[in-house]
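1. Sequence first, then the predicted structure, then my questions.
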Amino acid sequence: MTTHPPRRGVRRAVFPIAFAGLVTPLVVVAAPANAAAADCSDVSAYPWTDTSKTPDERAHALLEASTQHQKYRWLVEQPANSPEQTEFSGVTYPVQVPCTPTVVYTDGPDGVRFTPGVTAFPAPISVASTWDEQLTYDRSAAVAAEAFATGKNVVLGPGLASGRTPLSGRTAEYFGEDPLLTGVLAAATVNGLQESGDGERAVLANLKHYVGNEQELDRQLSSSDIDERTRRQIYDLPFEITMDRSDPASVMCSYNQIDDVYGCENPLLDDVLRDDLGFDGYVLSDFGAVHSTAPSLDAGLDQELNRPVFFTPELLDQALAAGEVTQEQIDQAAFRVVRTYLAGGLFDHPLPTTPVADAATPEHEALARRVAAEGSVLLANDGVLPLAPTAGDTIALIGPTASSTPTDGISAASVCSMAWRFNDAGTMECEDLVSPETAIRERAAQDGATVTYSDGSDVTAAAAAAAQADVAVVFGYQRSGEFSDLPDLRLQGDGDALIEVVAAANPDTVVVLQTGSAVEMPWVDDARAVLETWYAGEQMGPATADLLFGDVNPSGRLPMTFPVSLADTPTAASPERYPGTFADGSTTRPEGSTEIRQVEYSEGLQVGYRWYEAQDIEPLFAFGHGLSYTDFEYDKVKVTPASTKEGQEVRIRFRLTNTGDRVGTETAQAYVTLPDSAGEPFRRLVGWEQVTLQPGEHRKVEITLTAEDLRLAQYWDESTDSWQTPRGTYQVHVGGSVEATAGTTFRVR
Ligand code: BGC
């Protein structure tokens with residue numbers, strides 16, 4: 001297991017949502033916001049400003065000084081976060097007690113969205129492909145700095161899902177299909193957001209969406225029906241691991257129902273999220289995901305996102321009078337919000353009086369380039385890469401997303417960040433975008449080579465350009481986003497046809513993909529190399545050039561399986577699994593109906609790479625796969641002790657050698673298969689180590705499984721409602737993907 005990024009000092013915090021114009025408009029004030037008439041340094045008058053007290057003491061003091069309706073303010077985003085405003089969509093509150101902060105929420109997982117003057121970092125799926133905790137931490141620390149500087153102190157991210165279907169519109173917003181990889185990188189994201197400010201700022205993270213929010217289609221009118229073992233091991237586990245390694249301020253409950261109960265009024269909030277997974281911040285709803293007053297509060301929801309709808313003073317008063325909720329429950333919800341804001345530092349580190357117009361820095365730009373390069377995955381290469389042109393050579397760039405000049409509305413900007421909606425503009429402004437065309441022209445000139453560009457709209461012209469060049473680099477894209485799923489796993493804009501024509505015209509064709517999820521590659525055998533760069537952010541051009549020319553040796557690894565075809569995916573053969581069905585058995589929502597679509601998670605644990613192994617289906621590119629310009633070899637695999645007792649530490653040791661002729665970084669992965677009695681005939685990722693080796697160098701690598709490494713050798717036993725470590729023989733495999741062949745075994749007695 002890689003080491004934790006630094007967690008310095010006490011967690012500090014920071015914010016109304018600035019979200020696509022739908023949430024509270026950004027109000028920037030000298031803080032504390034309602035300090036105008038109050039001397040907030042008078043700790044005897046306002047004991048919640050007393051930094052010598054604990055957050056719990058301060059929160060209790062604040063609530064003791066509050067009226068009932070001042071307490072209610074904390075239960076809804078807008079009144080909680082704009083303390084002096086009294087009207088919210090026609091609902092009236094008293095002014096908040098003095099000396100509480102202005103809080104501004106912003107989406108989200110991919111950076112500071114819809115905001116000029118910030119760095120457009122690569123999308124989370126690219127971050128996941130780095131498998132690098134420290135880099136993930138650094139990226140999110142940079143996001144926190146830019147958020148705070150531009151007047152936002154809660155980032156609604158990171159997002160977690162389990163990658164049940166690559167059709168999910170938000171795949172690019174998450175970290176792939178493995179609970180451990182997702183949990184480790186989500187925790188690094190939370191820590192980077194919350195702990196990186198060195199006392200200079202306070203920013204809070206939000207973990208979303210709990211739970212089973214695996215599709216956009218009918219996300220507000222569907223039920224994710226999941227058996228308990230599957231939920232614990234596949235869907236809860238990323239949250240559990242994140243919680244174990246970080247301290248997220250809030251968790252967002254999801255739109256969907258889980259087993260027929262809406263996420264934001266589901267007993268899982270208290271019974272599992274808090275009691276079992278150890279969450280102690282506040283539960284925040286998704287936008288419009290609340291469906292009730294008393295049942296939601298009773299289940300453990302603390303704050304309604306955006307404006308008051310179900311947590312209005314009127315409805316809360318009525319629920320109290322009817323005995324449907326208790327005063328204690330209201331106090332508890334308010335307490336959780338206030339204590340979290342205090343513990344996270346929002347009260348003590350107010351937002352800047354004037355947000356900066358440009359928060360991007362050269363360091364952040366360099367970091368964006370690094371993440372884009374290290375998050376790109378070289379899927380195939382028969383030796384055509386790295387490019388080594390000689391003077392006078394020509395490189396043909398083909399496809400609209402290679403260039404910053406739009407062709408029929410499509411350009412590099414279309415794939416800089418994930419789309420807001422399917423096939424729509426992106427979530428990030430990407431003002432400083434450097435296109436592949438610009439960067440590759442510049443880099444090729446250093447070698448005396450020239451670059452031609454063809455936008456691909458005329459395939460005959462594209463083929464002619466390819467034929468005339470020494471090498472053709474063709475760009476294929478797919479734009480995905482929130483609100484709907486992908487219709488298929490094909491490239492958009494007739495990308496497959498374009499690639500086929502180009503590859504037919506020039507045998508030395510390299511394909512660069514800019515997608516948010518897996519795509520089918522019917523042309524894969526005709527391309528000499530395939531580089532997946534995802535939504536690589538503003539530095540996509542320089543990062544792509546770095547990799548194509550070998551200035552950076554590729555090291556990214558797939559955080560999700562690329563199937564040969566959509567038909568091979570775990571949910572494909574069953575409409576009950578996806579998209580889910582209605583009572584009459586159909587998959588199409590009856591006109592005007594609000595019936596809940598039932599989505600059966602009957603593939604169970606066989607999500608992602610587990611499915612392909614269990615079903616013996618060969619993927620196009622396996623989970624964990626990624627090539628380098630050098631080669632690595634694994635041998636001498638040993639587990640010590642070879643026989644152990646439950647709960648004891650096990651060390652997986654092996655030798656890793658760089659057998660090629662370039663320095664390179666390998667992500668050495670360890671997988672374990674549980675004894676047969678667990679009923680899981682497939683591997684699970686239990687750790688990885690990133691090792692940089694010189695040509696010919698070898699190193700002993702050790703990956704340790706300890707009791708602290710959550711659930712890595714356990715399964716959920718429904719008959720005893722507990723985690724079990726099965727006795728028997730465990731198989732271990734180490735290598736460069738889930739298809740690793742070097743292995744050994746150990747026994748648990
Ligand atoms: C999304 C959330 C997001 C919220 C507020 C919703 O549509 O599902 O992830 O945080 O909007 O922007």
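-> Good, I have the coordinates.

2. Need the residue closest to the centroid of the chain.
-> Tyr174 (2.8 Å; Cα atoms, centre = their mean).

3. ok now do the closest residue to it other than its chain neighbours, which residues does it touch?
-> Nearest residue to Tyr174, sequence neighbours excluded (Cβ to Cβ, 6 or more residues apart in numbering): Ala161, at 4.4 Å. Backbone N, C-alpha and C define where each C-beta goes, glycine included. Applying Cβ atoms under 8 Å, 6 or more residues apart in numbering to Ala161 gives the contacts Ser168, Arg170, Thr171, Tyr174, Thr182, His209, Asn213, Glu214.

4. do Gln478 as well
-> Leu486, Arg490, Leu491, Gln492, Gly495, Leu513, Gln514, Thr515, Gly516, Ser517, Val519.

5. out of these, which is most surrounded?
-> Gly516 (30 neighbours; other Cβ atoms under 10 Å).

6. which residues does the closest residue to it other than its chain neighbours contact?
-> In space, and not counting its chain neighbours, Gly516 is closest to Ala172: 3.2 Å by Cβ to Cβ, 6+ apart. Applying Cβ under 8 Å, 6+ apart to Ala172 gives the contacts Asp110, Ala123, Pro124, Ile125, Met418, Ser480, Gly481, Gly516, Ser517, Trp534, Tyr535.

7. so how far is Leu193 from Ala172?
-> 19 Å (Cβ to Cβ, to the nearest Å).

8. go on, Ser66?
-> If you go by Cβ to Cβ, the gap between Ser66 and Leu193 works out to 29 Å.

9. the more surrounded of the two?
-> Per other Cβ under 10 Å, whichever of Ser66 and Leu193 has more neighbours is Leu193, with 30 against 21.

10. Look at the more buried one and report its pLDDT.
-> For Leu193, the pLDDT comes out at 98.

11. Now it: which helix or strand?
-> Using DSSP states H and E, Leu193 maps to helix 179-195.

12. go on, Gln78?
-> helix 77-81.

13. Does the ligand have contacts with that helix?
-> No: applying Cβ under 6 Å from any ligand atom, one finds helix 77-81 separated from the ligand by no less than 9.5 Å.

14. In helices, which of the contacts of Gln478 appear?
-> Counting by DSSP state H, the part of the contacts of Gln478 found in helices is Gly495.

15. With pLDDT and distance to the ligand added, can I get the contacts of Gln478 in TSV?
-> What follows is the contacts of Gln478, written out as TSV (pLDDT from 0 to 100; distance: Cβ to the nearest ligand atom, whole Å):
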residue	pLDDT	distance to the ligand
Leu486	97	17
Arg490	98	25
Leu491	98	26
Gln492	97	23
Gly495	98	28
Leu513	99	25
Gln514	98	23
Thr515	98	21
Gly516	98	15
Ser517	98	17
Val519	98	24
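
16. which one of the contacts of Gln478 is nearest Phe746?
-> Ser517 (36.0 Å; Cβ to Cβ).

17. Return the residues in contact with the nearest residue to that closest one once chain neighbours are set aside.
-> Of all residues not flanking Ser517 in the chain, Thr171 sits nearest, at 4.0 Å (Cβ to Cβ, 6+ apart). For Thr171, the contact set (Cβ under 8 Å, 6+ apart) comprises Ile125, Ala161, Gly163, Ser480, Gly516, Ser517, Met560.

18. Tell me the secondary structure at the second one.
-> What it means is Ala161. Following DSSP: H, G, I helix; E, B strand; the rest coil, we place Ala161 in the coil state.

19. For the ligand, see how far away it is.
-> Distance from Ala161 to the ligand, counting by Cβ to the nearest ligand atom, to the nearest Å: 11 Å.

20. now swap in the first one and tell me
-> Between Ile125 and the ligand the distance is 15 Å, computed by Cβ to the nearest ligand atom.

21. same thing with the third one?
-> Counting by Cβ to the nearest ligand atom, the gap between Gly163 and the ligand amounts to 17 Å.

22. shouldn't that residue be in contact with Gly608?
-> Yes: Gly163 is in contact with Gly608 according to Cβ atoms under 8 Å; the separation is 5.2 Å.

23. shared neighbours, the two?
-> Counting by Cβ under 8 Å, 6+ apart, the residues touching both Gly163 and Gly608 are Gly176, Glu177, Asp178, Met560.

24. quick check, nearest of those to the ligand?
-> Distance to the ligand, by Cβ to the nearest ligand atom, is smallest for Gly176 among the shared contacts of Gly163 and Gly608, at 17.6 Å.

25. Quick check: which element contains that closest one?
-> Counting by DSSP H and E, Gly176 is part of no helix or strand.

26. what's it in contact with, if anything?
-> Gly176 neighbours (Cβ under 8 Å, 6+ apart): Ile125, Ala128, Ser129, Gly163, Thr182, Leu558, Pro559, Met560, Gly608, Phe623.

27. Count residues in the vicinity of the third one, would you?
-> Right, the one you point to is Ser129. The burial count for Ser129: 29, using other Cβ under 10 Å.
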